[in-house]
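> sequence below, structure please.
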Amino acid sequence: MSRFSTTLWDLRDELAAHLVLSFAALVLGIVIALPMIVAAARNRTAARVALGLASLVQTVPALALLALFYPLLLWLSALIGGGIPALGFLPALLALALYAVLPILHNGVAGLRGLDPAVREAADAMGLTAGQKLRWVEAPLVAPLVLAGIRTAAVWTVGAATLATTVGATSLGNPIFAGLQTQDWVLVLAGCAAAAGLALATDGVLVLVEKGVALRRPVLAWLGVTFVALALFWALIPARAEQRPALVVGAKNFSEQYILARLIGSRLDDAGFAVSYREGLGSAVVFKALEIGDIDAYVDYAGTLWTAELKRTDTPSPAAMRAGIARHLSQPGGARLLGTLGFENAYAFAMKPDVARSRDIASLEDLARAAPDLTLGTDLEFLDRPEWRAVGAAYPLRFKASKRYSPTFMYRALASGDADVITAFSSDGRIAADGLTVLADPARAIPNYDALLLVSGRCADDRRCTAALRPLLGRIPVSAMREANYRVDRDDAKQTPDDAARWLAGKAGLAR
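Numbers count the residues shown, from 1 in each chain. Take a look at the predicted model:
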């Protein structure tokens, strides 16, 4: 069996979660759209408002709409004293449901407005009430058009649901985003193929229902409904079958985070927990998710927490920084610092050696002199982080241009010449493999970035959880982390994050 076939088969859980999410969002979209259709068909002002709002939602990029629900749900949860999950299924459900409304609403309103006036006059002449006229006359005539809108909405929803990964919902976006970050194109292709196949299958099933209604052939409609019911039954079986205590491991959006998440997850799995993953999260989102208990463990970096969460601008010693972070994470029932993994992954400005030599650049002071002629390449969030402001305060860096990339493509940009200098990561194996020159930071503007293992209050209070994770502390040297990262990032003999995590466990003496 080819790796593509094996990978596709391994996406059963993601496919099941994607199906459930898409179906739930579509049903919610239908529930929202149907009363709006009735109101809009009866009142032209209501129609303009409803269609305008639904169209406005469509102008917002799906990724932005998903992201907007995160702070909104956080605010609502704080307002009522907690209990509303800001990550995972709920924000994805709400955003996708809103996206599903427009085609259903548009077709329904067009259908009701386009009915022959003689039909309504005949219904009125028979003495039908408004409700009876809607149920017995208008709805049956408009149903085929509404079902066509539902078909369109269903395909849109299945496609957009791949973006739900960014808010921590399991979907077929998981392999797509992970594959993009690690340049595992088989994983990307498998995720895309599964999503496309699900969209085509969904459309085909709804065609049966639509034809059954339009041609007055109930057998076709019921056949389509049966297919949907069987698919949902299959998708929900894993959720019902899992009986072990559940924990969620989080990760940001670069290779090292995927590897460490799988290493943590394997330890928890061996300890008897049912482990799921929420990967590809931003720094602020993943930390807040840990604080409110949406995830139970992930690895963050001392400098990130120091500047972004504690809002500190000084750069104390690594030990003082860790102690300050531990004090900050000391609220009862809240997130906890379990300890350091043993390596540092700091931001480091890197250049190709020939470019650095030709411009006589060895430090950030030298870079400030040459910056007006150079293009800076960064990861997606560095230019919005406090670290960038600290570097800018220490060195007058004014680049010709700055470009943002996912971490993997940032190194590609440097190699191709699209960027002259990048904000690399010190534990990245590509620095040594590509022979990059790392620029010195004489002003110590960039803080220490010890890799810290953080856990939720739920995990901290569970001896089995902490006992499974404590053996990781201090066991991962930076050389081993660089090698594990490079195993995922290299072009030849590329490994998956799972494979690299197993290798890293063996290297650290933690192999099962």
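
> which of the residues in whichever helix or strand residue 393 is part of are buried?
Residue 393 belongs to helix 386-394 when assigned by DSSP states H and E. Buried residues in helix 386-394, counting neighbours by 16 or more other CB atoms under 10 Å, are found at 386, 387, 388, 390, 391, 394. C-beta: built from backbone N, CA, C; applies to glycine.

> same question, stretch 478-498
Using 16+ other CB under 10 Å as the test for burial, stretch 478-498 gives 480-489, 494-498.

> any idea how far residue 122 is from the residue most central in space within the chain?
The geometric centre of the chain, computed from its C-alpha atoms, lies nearest to residue 166 (CA atoms, centre = their mean), at 1.6 Å. For residue 166, the distance to residue 122 (CB to CB, to the nearest Å) stands at 52 Å.

> in the protein, which strand is the longest?
strand 336-344 (DSSP state E).

> next structured bit after it?
Proceeding N to C from strand 336-344, the next assigned helix or strand is strand 347-351, under DSSP H and E.

> show me what that next one is packed against.
strand 421-425, strand 437-438 (3 or more CB pairs under 8 Å, 6 or more residues apart in numbering; DSSP states H and E).

> so residue 209 sits in a helix?
Yes - under the criterion used here (DSSP: H, G, I helix; E, B strand; the rest coil), residue 209 sits inside a helix.

> quick check: chain neighbours aside, which residue is closest to it?
Among residues not flanking residue 209 along the chain, residue 224 sits closest, at 3.8 Å (CB to CB, 6 or more residues apart in numbering).

> ok, back up a step: how about the helices and strands packed on strand 347-351, which one is nearest residue 181?
Comparing the helices and strands packed on strand 347-351 against residue 181 with CB to CB, the closest turns out to be strand 421-425 (12.8 Å).

> okay, now the sheet partners of that closest one, with direction.
Each strand pairing with strand 421-425, determined using DSSP bridges, is listed with its direction: strand 347-351 (antiparallel), strand 375-378 (parallel).

> what's the mean pLDDT across the longest one?
Think strand 347-351. Averaged across strand 347-351, the pLDDT comes to 92.

> same deal with the last one?
Taken as a whole, strand 375-378 carries a mean pLDDT of 95.

> contact partners of that strand?
388, 397, 399-405, 410, 413-414, 418-423 (CB atoms under 8 Å, 6 or more residues apart in numbering).

> buried subset of those as a PyMOL selection?
Selecting in PyMOL just the buried members of those, where the criterion is 16+ other CB under 10 Å, is done with this command:
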select buried, resi 388+397+399+402+403+404+405+410+413+414+419+420+421+422+423
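
> packing partners of the strand or helix carrying residue 200?
In this structure, residue 200 is located in helix 185-214 according to DSSP H and E. Counting contacts by 3+ CB pairs under 8 Å, 6+ apart, the secondary-structure elements packed against helix 185-214 are helix 3-9, helix 12-42, helix 139-160, helix 173-182, helix 218-241.

> low-confidence stretches in the protein?
Along the chain, the parts satisfying pLDDT under 70 run over 1, 238-244, 512.

> separation between residue 499 and residue 505?
Shown here: residue 499 relative to residue 505, a distance of 11 Å by CB to CB.

> among those two, which residue is more densely surrounded?
Set side by side, residue 499 and residue 505 show unequal neighbour counts under other CB atoms under 10 Å, the larger going to residue 505 at 21 against 15.

> check the gap between the more buried one and residue 266 for me.
In this view, residue 505 and residue 266 are 7 Å apart by CB to CB.

> next one: residue 423
The separation that residue 423 has from residue 266, given CB to CB, amounts to 30 Å.

> could you do residue 306 as well?
As judged by CB to CB, residue 306 and residue 266 stand 29 Å apart.

> which one of the two has more residues nearby?
Using other CB under 10 Å as the criterion, residue 306 and residue 266 rank with residue 306 on top: 26 against 20.

> mind listing what the closest residue to residue 177 other than its chain neighbours touches?
Closest residue to residue 177 in three dimensions, ignoring its sequence neighbours and counting by CB to CB, 6+ apart: residue 280, at 4.6 Å. Under the criterion of CB under 8 Å, 6+ apart, the contact list for residue 280 reads 165, 166, 173, 174, 177, 178, 181, 251, 252, 253.

> end to end, how far does stretch 314-334 reach?
Start to finish, the residues bounding stretch 314-334 are 25 Å apart (CA to CA, to the nearest Å).
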